[in-house]
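> have a look; sequence and predicted model below, questions after that.
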Amino acid sequence: ALILGWGIYRFCLKHFGPETALLALLFYTLSPNILAHDHYVTTDIGIAAFIFFAVWSFVAWMQKPKSIKLMLVATACFSLAQLAKFSAVMLVPFYLALIGIALATKKPKEGYKSALWQYFIGLACIFGLGMLLVILFYIPHTINMPAGVQDKLIVESLPKGYNNLYGTYLRQYNDISIVKPIAQYLLGMLMVFNRVQSGNITYFLGDVTNQSFAWYFPVSFVLKTPIPMLIMIFGVLGLAIVNYIRKTPLKVWGNFKSYSNNHFLELVCVGFIVFYSYLSIKGNLNLGIRHLFPMMPFIFVLLAKKTVEAVRSIKTKKYKTIASGSLLVLCVWYAVTSFMLFPSYMPYINSLFGGPANASKYLSDSNVDWGQDLTRLVTYVNNNPDIDKIAVDYFGGGDPKYYFCTRRLDGNGILIKDSTGYDCTKSKYMDWHVDYGKPQTKYIAVSETYLVSDLFYQKYNPRPYDYQWLRDKKPVKQIGNSIYIYKVR
């Protein structure tokens, strides 16, 4: 996260000046969505960082295609992006699109044939050497892996259709040592494609499905973007539309060529935002705004650049002072919004839609609840004398027993590390699940994710018990807006 922030600042400082650099850095460092995820060990911030570096290192090479140094840097960044997350393969068509735009809109000094040949050689090296580095990274992880183990992974990790179509080939070449790391990489790629196609239980604006909603990501972006940033985004978009209409709007291709020649870095930002938005909307996986992180740095850079340009373009001193003051107010508002959210950033919803306390009316999963409030739940329960026992249905990677219960030692005085190593007899904690029915305890705590995913099962796959009886109640306490505590009796 720190490296990405540094990269955003350095890139803007080099190409657009200190004002744009500071504004883009402000957008990034105080974004509630970035703050909600930047401390987790996941691929979301990593892929955002490496795609950002990969795209701009590639653009730098495009501008000087004869530079071996820039080509090697672009190759390294492309490889790191592929290692960060399998979905970074989307860089391949985006790179090809950038080359196509450059050739179609710019007149190379050395001629089209020479430029095309240089780009072809460079792309072959970037893609070829980049994937070679990826395979070299996989070798230590597979060199001593028995073929039978990887065969089992292939069979168990891919659905029947994928196994029949691709798994057979992977297992066929798995016995060849030199191909084993390639098979492992391709297995991961196929698992991702299958995951995207299979969908996920998604809650959106009161509805549930195990597929996807076309408007999920656009609406999520509006819901989870601070109001001052939305004002700047729509302001910049409105100004861009007005400026375009004032010129020659019917000369679309001529305007595009001019824009590409004079504002290519801007065009790259716009292009990637549009490209990635399309992939997100057409995909079948709605897991949260974190899946939009790869395009967030490009939004921050573009918005900062166009906002600074808009203020600078004002000629009248009076109106420039008003615009500068308005920008300062928006920035302070943006910063105060983030500070006031501490420490619960994940369920952020802007105040136009009721704020974080109403997040569960619109979204779920990593937009609201990723198990981040377990320790706050423990603190609240332990400090509340009215709670002598509480049933807990917790969603997340933590283990409530670790925080609520005491640890057990074996006969040799060594800590028991498995699930039997907890003594919860004197604890306020009781493990619970919707399938258990209604607890006998006075209180129950349920993660927001389980409350809304229960709607899916209630609608499509009814179970003997559900949480409808809880949804009809008002919680006595919301822990970080992700865990709801109800009084049962």
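Perfect, I can see it now.

> poorly predicted segments of the stretch 151-300 of the chain, please.
Along the stretch 151-300 of the chain, the model assigns pLDDT under 70 to residues 160-165.

> strands of that one, start to end?
Ranges of strands within the stretch 151-300 of the chain are 202-204, 207-209, based on DSSP state E, counting those that start in this stretch.

> adding distance to F264, write those strands out as TSV.
C-beta coordinates here come from the backbone N, C-alpha and C atoms, glycine included. Shown next, in TSV, are the strands of the stretch 151-300 of the chain (distance: least, C-beta to C-beta, whole Å):
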stretch	distance to F264
strand 202-204	37
strand 207-209	40
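
> nearest to N367, of those strands?
Relative to N367, the nearest member of the strands of the stretch 151-300 of the chain by C-beta to C-beta is strand 202-204, separated by 9.2 Å.

> most neighbours per residue, which of the strands of the stretch 151-300 of the chain?
Of all those, strand 202-204 has the most neighbours on average by mean count of other C-beta atoms under 10 Å, namely a mean of 23.

> who touches it?
Contact partners of strand 202-204, identified using C-beta atoms under 8 Å, 6 or more residues apart in numbering, comprise 208-213, 216, 219, 286-287, 362-365, 452-453, 455-456.

> any of the residues you listed buried? List them.
Neighbour counting with 16 or more other C-beta atoms under 10 Å marks 208-209, 212-213, 216, 219, 286-287, 362-365, 452-453, 455-456 as buried within the contacts of strand 202-204.

> just the ones of the contacts of strand 202-204 in helices?
Among the contacts of strand 202-204, the members falling in helices (DSSP state H) are Y216, V219, V452, S453, L455, F456.

> which residues does I233 contact?
The contact partners of I233, taken as C-beta under 8 Å, 6+ apart, are T225, I299, L303.

> tell me the one of the residues you listed nearest A88?
Using C-beta to C-beta, I299 comes nearest to A88 of these, at 18.3 Å.

> can you tell me how far that closest one is from Q458?
Using C-beta to C-beta, to the nearest Å, one gets 37 Å for the distance from I299 to Q458.

> so for these two, which sits in the more crowded spot?
I299 (21 against 16; other C-beta atoms under 10 Å).

> nearest residue to L22 other than its sequence neighbours?
Nearest in space to L22, with sequence neighbours left out and distances taken as C-beta to C-beta, 6 or more residues apart in numbering, is Y9 at 7.6 Å.

> Y276: neighbouring residues, count only.
22.

> ok, and the closest non-adjacent residue to it?
Sequence neighbours aside, M295 is the residue nearest to Y276 in space, at 4.2 Å (criterion: C-beta to C-beta, 6+ apart).

> does that neighbour touch L279 like I think?
No: the pair M295 / L279 is not scored as a contact, 9.6 Å apart, by C-beta atoms under 8 Å.

> and those two? Which one has more around it.
The neighbour count for M295 versus L279, taken as other C-beta under 10 Å, is higher for M295 (23 against 18).

> buried set for the lengthiest helix in the chain?
For the chain, the helix that runs over the most residues, judged by DSSP H, is helix 112-142. The neighbour-count check on helix 112-142 (16+ other C-beta under 10 Å) flags 115, 118-119, 122-123, 125-127, 129-131, 133-135, 138, 142 as buried.

> how about the contacts made by the closest residue to L133 other than its chain neighbours?
Nearest in space to L133, with sequence neighbours left out and distances taken as C-beta to C-beta, 6+ apart, is S79 at 3.9 Å. Counting by C-beta under 8 Å, 6+ apart, S79 makes contact with L129, G130, M131, L133, V134.

> surely the third one and A88 touch.
Read it as M131. No: in this structure, M131 is not within contact of A88 by C-beta under 8 Å, at 11.5 Å.

> mutual contacts of these two, please.
Shared contacts of M131 and A88 (C-beta under 8 Å, 6+ apart): Q82.

> which residues does the residue nearest the centre of the chain contact?
For the chain, the residue sitting closest to the mean C-alpha position, by C-alpha atoms, centre = their mean, is R290 at 2.4 Å. The contact partners of R290, by C-beta under 8 Å, 6+ apart, come to N33, H37, T42, D44, S366.

> those residues: which two are farthest apart?
N33 and T42 (13.2 Å).

> who's more crowded, these two?
Neighbour comparison, N33 and T42: the larger count goes to N33, with 24 against 15 (by other C-beta under 10 Å).

> can you redo the contacts of S79 as JSON lines with pLDDT and distance to Y169?
Output for those, formatted as JSON lines (pLDDT from 0 to 100; distance: C-beta to C-beta, whole Å):
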{"residue": "L129", "pLDDT": "94", "distance to Y169": "25"}
{"residue": "G130", "pLDDT": "94", "distance to Y169": "23"}
{"residue": "M131", "pLDDT": "92", "distance to Y169": "18"}
{"residue": "L133", "pLDDT": "94", "distance to Y169": "24"}
{"residue": "V134", "pLDDT": "92", "distance to Y169": "19"}
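
> the residue nearest to S87 when sequence neighbours are not counted and K247, how far apart?
Using C-beta to C-beta, 6+ apart and skipping the chain neighbours, the partner closest in space to S87 is V192 (6.3 Å). Counting by C-beta to C-beta, the separation of V192 from K247 is 43 Å.

> name the residue in those two with the higher neighbour count.
V192 (15 against 10).

> checking my notes, F11 in a strand, right?
No: read with DSSP: H, G, I helix; E, B strand; the rest coil, F11 is helix and lies in no strand.

> helix or strand: which one has the closest residue to it other than its chain neighbours?
Spatial nearest neighbour of F11, excluding adjacent residues (C-beta to C-beta, 6+ apart): W56 at 6.0 Å. Assigned by DSSP states H and E, W56 belongs to helix 43-63.

> C-alpha coordinates for that helix, PDB please?
Output of helix 43-63 as PDB, limited to C-alpha atoms (Å, rounded to 0.1, in the frame of the first residue of the first chain):
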ATOM      1  CA  THR A  43      -4.200  -9.700  -3.400                       C
ATOM      2  CA  ASP A  44      -6.400  -6.700  -3.800                       C
ATOM      3  CA  ILE A  45      -3.900  -3.800  -3.000                       C
ATOM      4  CA  GLY A  46      -1.100  -5.900  -4.500                       C
ATOM      5  CA  ILE A  47      -2.700  -6.300  -7.900                       C
ATOM      6  CA  ALA A  48      -3.700  -2.600  -7.900                       C
ATOM      7  CA  ALA A  49       0.000  -1.600  -7.300                       C
ATOM      8  CA  PHE A  50       1.500  -4.000  -9.900                       C
ATOM      9  CA  ILE A  51      -1.000  -3.200 -12.600                       C
ATOM     10  CA  PHE A  52      -0.400   0.500 -12.000                       C
ATOM     11  CA  PHE A  53       3.400   0.000 -12.400                       C
ATOM     12  CA  ALA A  54       3.000  -2.400 -15.200                       C
ATOM     13  CA  VAL A  55       0.800  -0.100 -17.300                       C
ATOM     14  CA  TRP A  56       3.000   3.000 -16.900                       C
ATOM     15  CA  SER A  57       6.300   1.100 -17.400                       C
ATOM     16  CA  PHE A  58       4.800  -0.200 -20.600                       C
ATOM     17  CA  VAL A  59       3.700   3.300 -21.700                       C
ATOM     18  CA  ALA A  60       7.200   4.500 -21.000                       C
ATOM     19  CA  TRP A  61       8.600   1.800 -23.200                       C
ATOM     20  CA  MET A  62       6.100   2.600 -25.900                       C
ATOM     21  CA  GLN A  63       7.400   6.200 -26.000                       C
END
